[in-house]
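Participant: this is the structure alone, sequence omitted:
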């Protein structure tokens, strides 16, 4: 029972980190001049972070990030994170 509970804790951590890692990939590989396709984001997430993410899951996270103003893009093409100034 404890092993099952621990697995769920780690799964929750992965979900929280996925959004941050998506932002990191966009920040590193995209710009206002070069936008990334979803397949490129999926490639970098797998290569650099070890995530195996399908397109629908990625789209869900991108929509959330876009609605909060962190990501620019539409129709499967996304660009660099907007910087937050304090």
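Facilitator: Received the coordinates, thanks. Note that this is a predicted model, so its numbers are computed, not measured. Numbers count the residues shown, from 1 in each chain.

Participant: now do the helices in the protein.
Facilitator: 2-29, 38-44, 55-67 (DSSP state H).

Participant: and the average pLDDT for the longest one is what?
Facilitator: Okay, so that is helix 2-29. Averaging pLDDT along helix 2-29 gives 67.

Participant: got the contact list for the residue positioned nearest the centre of the chain?
Facilitator: The residue lying closest to the centre of the chain (C-alpha atoms, centre = their mean) is residue 22, at 2.3 Å. Neighbouring residues of residue 22 by C-beta atoms under 8 Å, 6 or more residues apart in numbering: 41, 45, 58, 61-62, 65. Placement of C-beta: from N, CA and C, glycine included.

Participant: scan these and report the most crowded one.
Facilitator: Highest neighbour count within the contacts of residue 22: residue 41, with 23 neighbours (other C-beta atoms under 10 Å).

Participant: can I get the contacts of residue 22 in a markdown table with pLDDT?
Facilitator: A markdown table is the format used below for the contacts of residue 22 (pLDDT from 0 to 100):
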| residue | pLDDT |
| --- | --- |
| 41 | 92 |
| 45 | 91 |
| 58 | 90 |
| 61 | 88 |
| 62 | 89 |
| 65 | 86 |
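
Participant: nearest to residue 34 among the residues you listed?
Facilitator: Within the contacts of residue 22, the smallest distance to residue 34 is 12.7 Å, found for residue 41 (C-beta to C-beta).
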